[in-house]
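Asker: Okay, predicted coordinates and the sequence, questions at the end:
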Protein chains: 2
Amino acid sequence: MNRLTPSPSPSTVADTDRRTMVLDSAMVTFARFGYRKTSMEEVARAADISRPGLYFLFSSKDSLFRAAVTQALERDLAAVEHVLADTGRPLAERLLAAFDQWAGRYIGPLTRDVAVVIEDNPGLLGEIVVTTPQRFEQLITNAIAVEAKVEAKQAAAGQVAQTMISASTGLKHQAASRDFYLERLEVAIDLLVR
Amino acid sequence: MNRLTPSPSPSTVADTDRRTMVLDSAMVTFARFGYRKTSMEEVARAADISRPGLYFLFSSKDSLFRAAVTQALERDLAAVEHVLADTGRPLAERLLAAFDQWAGRYIGPLTRDVAVVIEDNPGLLGEIVVTTPQRFEQLITNAIAVEAKVEAKQAAAGQVAQTMISASTGLKHQAASRDFYLERLEVAIDLLVR
DNA sequence: ACTATACAAATCAAGACTAGTGCGTATAGT
DNA sequence: ACTATACGCACTAGTCTTGATTTGTATAGT
């Protein structure tokens, strides 16, 4: 029906890039001012297109926001998957990098707003905000279970993953900087997968 | 000068109890409606004294709130200390009980408000809200260090304590019920002090 | 060592009104 | 496959007034 299904038209690739780029700048704008105080005018200006043009790409402010957040989360999850797949590196190292992609990069003074605007609008976003963390947990659990040699440790992989995620969540609230978050989380990971 | 210094008068004990009881009901009222929307009239009514009588005991709304929060935190910390001191019980068990006193009991639908009203008014409360958690961390660290037989584990006691607190903080945000919090934290503690 | 009553001053909630902003759509043009 | 312009509708922000609360204190009484 539209660009969600790949079409043979020659401009499809360019169109997809357009949407992607618009969603990127939209996410930044939403993060900066919050959902409510961000106008479609501002999003359009940031994306360097007209406001009606924006409505041509996204049917409403809601759906634009959902699409922007979905893209961001999906991208993060893909990065997490990619980092964890590099079995050449030690497990602890991969886990730290995975958590950094998932949460660490949203801790600084500016980037924090991204996490905030997502957590502030669960009603608008629907199930994405609950399913994506679940998929993240599954990825972490698998990465730990695969590495575990003893059976007992394999069974505990889920518990280790959950504890690690709780520690990460706590640190997200305690940490003022990405570096602080990473330092503390590295310690936590070492304690939990040793 | 006043009741902060023990006086030889025969009514001193009764006075202290009065203040204590007033502070208890005040804390409940503040938690229920928030600091701003709680009137001195309501606090007085809940404590079953007159409003001028309340001003006789506490010079202002600010100082009443500070005193109420301080007493609650101090009591929690004392309970934590007491639980940890019972060296007859296994370490993991004592730690779980300690965290339950510190955070777990403030997770349910009603009790949550206590934690919220404290976190919502850091400006009014001053340094209490930062020093008390530090003292809690110290208590946990000591409890772990004392138990550790190997030197290496003693050195890591601080790291274990910090990780445990981060997990607890994360769980406080993830958990809807006290039971969920306790189940997950028990797992975390077992993983960290095994 | 309080209670009951009262009071000035400050703060706050409610209502009404106005001006402005923003969403979604339509239309004409390129 | 868009841009430019415009329009109706809803909603929000700001302003003002008015009435009610609330704070802190004072005073008289027990």
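Answerer: That came through, no problem.
Asker: got a list of what the closest residue to DNA strand D within chain A touches?
Answerer: Sorted by distance to DNA strand D under Cβ to the nearest atom of the strand, the residues of chain A start with A:Gly53, at 1.9 Å. Heads up, the C-betas are built off the backbone N, CA and C, glycines and all. For A:Gly53, the contacting residues are A:Ala44, by Cβ atoms under 8 Å, 6 or more residues apart in numbering or on different chains.
Asker: and it, what element?
Answerer: Following DSSP states H and E, one finds A:Gly53 within helix A:51-57.
Asker: ok, residues contacting the next helix or strand after that helix?
Answerer: Next helix or strand after helix A:51-57 toward the C-terminus (DSSP H and E): helix A:61-85. Contacts to helix A:61-85, defined as Cβ under 8 Å, 6+ apart, come from residues A:19-20, A:23-24, A:26-27, A:30, A:35, A:40, A:43, A:54, A:58, A:94-95, A:97-98, A:101-102, A:114, A:118, A:121, A:124-126, A:128-129, A:132, A:135-136, A:139-140, A:142-143.
Asker: What subset of these is buried?
Answerer: Buried residues within the contacts of helix A:61-85, defined by neighbour count using 16 or more other Cβ atoms under 10 Å in any protein chain shown: A:23-24, A:26-27, A:30, A:35, A:40, A:43, A:54, A:58, A:94-95, A:97-98, A:101-102, A:114, A:118, A:121, A:124-125, A:128-129, A:132, A:136, A:139-140, A:143.
Asker: Look up the pLDDT of the spatially most central residue of chain A for me, please.
Answerer: With the centre of chain A defined as its mean C-alpha position, the nearest residue by Cα atoms, centre = their mean is A:Leu73, 3.1 Å away. The pLDDT attached to A:Leu73 in the predicted structure is 97.
Asker: now swap in A:Ser7 and tell me
Answerer: In this model, A:Ser7 carries a pLDDT of 35.
Asker: So what's the residue count around A:Thr131?
Answerer: Using other Cβ atoms under 10 Å in any protein chain shown, A:Thr131 has 11 neighbouring residues.
Asker: In terms of helices and strands, where is it?
Answerer: Element membership for A:Thr131 (DSSP H and E) is helix A:128-147.
Asker: now that helix, how far from the centre of its chain.
Answerer: Put simply, helix A:128-147 sits 13 Å off its chain's centre (Cα atoms, centre = their mean, to the nearest Å).
Asker: One more: stretch A:60-69?
Answerer: Stretch A:60-69 has its average C-alpha position 15 Å from the chain's average C-alpha position, going by Cα atoms, centre = their mean.
Asker: That one near DNA strand C anywhere?
Answerer: Yes. Contact between stretch A:60-69 and DNA strand C, assessed by Cβ under 7 Å from any atom of the strand, occurs at A:60-62.
Asker: And that stretch, what's buried?
Answerer: Buried residues in stretch A:60-69, defined by neighbour count with 16+ other Cβ under 10 Å: A:61, A:64-69.
Asker: any idea how far the residue of chain A closest to DNA strand D is from chain B?
Answerer: 40 Å (Cβ to the nearest Cβ, to the nearest Å).
Asker: pLDDT at that residue, what is it?
Answerer: In the prediction, the pLDDT value recorded for A:Gly53 is 94.
Asker: Next: the one 4 residues further on.
Answerer: As summarised for this prediction, A:Leu57 has a pLDDT of 94.
Asker: which residues touch it?
Answerer: For A:Leu57, the contacting residues are A:18-19, A:22, A:49, by Cβ under 8 Å, 6+ apart.
Asker: mind putting these in TSV, pLDDT included?
Answerer: As requested, the contacts of A:Leu57 are arranged in TSV below (pLDDT from 0 to 100):
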residue	pLDDT
A:Arg18	87
A:Arg19	92
A:Val22	96
A:Ile49	94
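Asker: Identify the farthest-apart pair in the residues you listed.
Answerer: Comparing every pair within those by Cβ to Cβ identifies A:Arg19 and A:Ile49 as the most remote, at 11.0 Å.
Asker: Now A:Gln159: which helix or strand?
Answerer: Secondary structure from DSSP H and E places A:Gln159 in helix A:157-174.
Asker: can that helix be found next to chain B?
Answerer: Yes. Shown here: helix A:157-174 in contact with chain B (Cβ under 8 Å from any Cβ of the partner chain) through A:159-160, A:162-163, A:165-174.
Asker: Can you say which of those residues are buried?
Answerer: Buried by 16+ other Cβ under 10 Å: A:159-160, A:162-163, A:165-172, A:174, out of those.
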